[in-house]
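Trainee: sequence and computational prediction follow.
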Amino acid sequence: MENREQMQETDRRMQETDRMIKQTHLELEKSQNETRKIVGDLGRKFGLVVEHMFIPNLHKKFKKFGYAFEKSGPNVLIEDDTNRIYAQIDAFLENGDCAMAVEVKAQPNNSDIEEHLERMEKLRRWFDKRGDKRKLYGAVAGAIFPVNVREYTLKQGFYVIEQAGDMVDIISPPGFNPRIW
């Protein structure tokens with residue numbers, strides 16, 4: 001009889017331990033989800049801060065490179081269902097002769113540059129489908145621009161826009177020769 005009672009007690013304890021493990025797992029999962037949400041919100045807010053550092057008066061900063069952008073705007077969305085061309089542009093500058101798509105990142109990396117190259121190709125296709133023959137240029141802005149990423153960005157023909165102390169500095173591709181899409 002005593003052996004049976006011990007087995008029942010052991011079984012009860014195992015069930016209680018199992019219940020506690022499941023409860024702990026649920027609480028941990030909830031905590032991880034809350035942490036992900038907080039980190040995601042912080043990331044989005046930091047992204048907005050970075051965009052607001054670079055976008056205001058960006059069209060004026062490009063005057064030193066000979067551009068006279070008459071129109072600029074943040075967060076331009078291209079949704080062309082007919083031609084299946086979709087793109088989101090952090091800042092878009094334009095006039096009658098040319099347009100520039102600017103990608104803004106807190107700390108750009110090479111895959112961000114590759115994505116912007118793809119975006120530029122999509123934009124060129126979208127322009128062509130609409131009969132828009134303007135020259136299309138690209139730029140990448142970053143609060144923290146690693147040297148190797150800056151060099152790669154410039155080699156791709158993009159302008160680099162980076163934080164320089166309390167100012168924003170624009171660096172032209174080598175030989176002041178930006179790529180035209």
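Mentor: The structure has been received and is ready for your questions. Numbers count the residues shown, from 1 in each chain.
Trainee: care to break the chain down by domain?
Mentor: If you go by automatic domain parsing, the domain ranges for the chain are 1-54, 55-176.
Trainee: the nearest residue to residue 59 once chain neighbours are set aside: neighbouring residues, count only.
Mentor: Nearest-residue entry for residue 59: residue 69, 3.8 Å, with adjacent residues in sequence omitted and distances by C-beta to C-beta, 6 or more residues apart in numbering. Where C-beta positions appear, they are placed from N, C-alpha and C, glycine not excepted. The number of residues packed near residue 69 is 19, by other C-beta atoms under 10 Å.
Trainee: so which strand or helix has residue 69?
Mentor: Applying DSSP states H and E as the criterion places residue 69 outside every helix and strand.
Trainee: need phi/psi at it.
Mentor: phi -70, psi 120 (degrees, to the nearest 10).
Trainee: mind listing what it touches?
Mentor: Residues in contact with residue 69 (C-beta atoms under 8 Å, 6 or more residues apart in numbering) are 59, 62, 93, 94, 95, 100.
Trainee: repeat for residue 112
Mentor: So residue 112 contacts 103, 105, 140 (C-beta under 8 Å, 6+ apart).
Trainee: ok now whichever strand or helix holds it, how far from the chain's centre?
Mentor: Assigning secondary structure by DSSP H and E places residue 112 in helix 110-129. Taking C-alpha atoms, centre = their mean, to the nearest Å, one finds the center of helix 110-129 at 14 Å from the center of the full chain.
Trainee: and stretch 127-135, what's buried?
Mentor: residue 127 (16 or more other C-beta atoms under 10 Å).
Trainee: buried sites along the helix holding residue 112?
Mentor: 112, 113, 116, 117, 119, 120, 122, 123, 125, 126, 127.
Trainee: TSV please, covering those residues and showing distance to residue 164 and pLDDT.
Mentor: Converted to TSV, the buried residues of helix 110-129 look like this (distance: C-beta to C-beta, whole Å; pLDDT from 0 to 100):
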residue	distance to residue 164	pLDDT
112	20	96
113	20	97
116	21	97
117	25	97
119	25	96
120	25	97
122	31	94
123	28	95
125	34	93
126	33	94
127	32	94
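Trainee: mind putting these in TSV, distance to residue 5 included?
Mentor: Below are the buried residues of helix 110-129 laid out as TSV (distance: C-beta to C-beta, whole Å):
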residue	distance to residue 5
112	66
113	70
116	71
117	73
119	71
120	76
122	73
123	77
125	78
126	78
127	82
